[in-house]
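Asks: structure for this input, please:
(one chain, ligands or ions: 1)
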Amino acid sequence: MGDDRPVREGVAALESYPSLAYEVNRRFCDRVGWDFRYEQYQLPQRPWGSLSAFSRSAGQHRAASWVKILAVLRAFELGYDLVVWIDSDCIFYDHQADWESITRHFDAPEVNFLSWVDRPFYADQFCAGFFIVRNTDHIKAMFTDLWNRPSEYSWKHVYEQSELNKVVTAWPTSQFRLIDEPMFRIEDSDQKLLHIASFDHANRLPSFREWFERNRVAPEPQRVSQHVHTDMSADQWDQQVSNATLSASDQIRREIWSIRQAIRRQLKRMVKR
Ligand SMILES: [Mn+2]
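Replies: Okay, here's the model as predicted:
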């Protein structure tokens, strides 16, 4: 998983849903014996806020959600054969759930990608908040191309998910699996995932806190220094994946964009008051 926000330790975690998701997901991975990484990716800081991620080959700003592509490429580079991506607003819900039935799909060598159907939003698309990919040249090239190609969803909902769906669902059906199980609300006590979507964001903290009460475990994140990686610069990874230098005009565009974002944030705050 990953986010530009830090994992907050102690009781401060109760006010930070990525921190609660960290702890739920860390516990799950510990239980099933999967390596667990939280990429706290870095963006250039300015006095008014941070710059947004940017694809220099596409010449486009990229919404935060897109950075998962870089984080997965990083996990590939670390040598993992299979990489599981889970959003910071998504948790492994029932830790006793049977994941063998899911990972077994990858016993078929032609299967490269697995995700959850995006119900109730779309029945024929998957939700990029959770997916498993195989580290192959094919997948690596797909992610590299997605990052580098201009996209009408660079800043438009549902971002990289729209592009990923276009590419993956065009493959022969033998190469990917879409699992039709609940994810966006609790329908079964033994469901594998719980993902609190952005329209429902106010529910993230209460839902995740409830998970700890229900499972009678402490919510304070453990072993943060072991699992949170703060050395992933989104710009450095863009440079590596784009294999291009940032033009002076794009550099200026980024600065102006971030100032406009800061003003927008300020205006929103004023309206709220
Ligand atoms: Mn999400």
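Asks: how far does the longest helix seen in the chain sit from the chain's center?
Replies: Of all the segments of type helix in the chain, defined by DSSP state H, the longest one is helix 248-272. The chain centroid and the centroid of helix 248-272 are separated by 23 Å, computed with C-alpha atoms, centre = their mean, to the nearest Å.
Asks: mind giving me the packing neighbours of that helix?
Replies: Contact here means 3 or more C-beta pairs under 8 Å, 6 or more residues apart in numbering; DSSP states H and E; on that basis helix 248-272 packs against strand 49-50. Every C-beta, even on glycine, is put in place using the N, C-alpha and C of the backbone.
Asks: tell me which strands the strand it packs on pairs with, and in which orientation.
Replies: Partner strands for strand 49-50, per DSSP bridges, with pairing direction: strand 45-46 (antiparallel).
Asks: what's next to the partner strand, contact-wise?
Replies: Applying C-beta atoms under 8 Å, 6 or more residues apart in numbering, the contact partners of strand 45-46 are 51, 255, 258.
Asks: ok, how many other residues are close to the second one?
Replies: When neighbours are counted by other C-beta atoms under 10 Å, Glu255 registers 14.
Asks: quick one: contacts for the residue nearest in space to the middle of the chain?
Replies: For the chain, the residue whose C-alpha lies nearest the mean C-alpha position (C-alpha atoms, centre = their mean) is Asp87; its distance is 3.7 Å. Listed by C-beta under 8 Å, 6+ apart, the contact partners of Asp87 are 1, 21, 65, 68, 129-130, 195.
Asks: and what about the closest residue to Asp190 other than its chain neighbours, helix, strand or coil?
Replies: What sits nearest to Asp190 in space, not counting adjacent residues and going by C-beta to C-beta, 6 or more residues apart in numbering, is Asp94, at 4.6 Å. With DSSP: H, G, I helix; E, B strand; the rest coil as the basis, Asp94 sits in coil.
Asks: need the residues of this protein near the ion, please.
Replies: Residues of the chain found near the ion (C-beta under 5 Å from the ion) are 87, 89, 129.
Asks: pretty sure the last one sits in a helix.
Replies: No. For Gly129, which was evaluated using three-state DSSP, the result is strand, with no helix membership.
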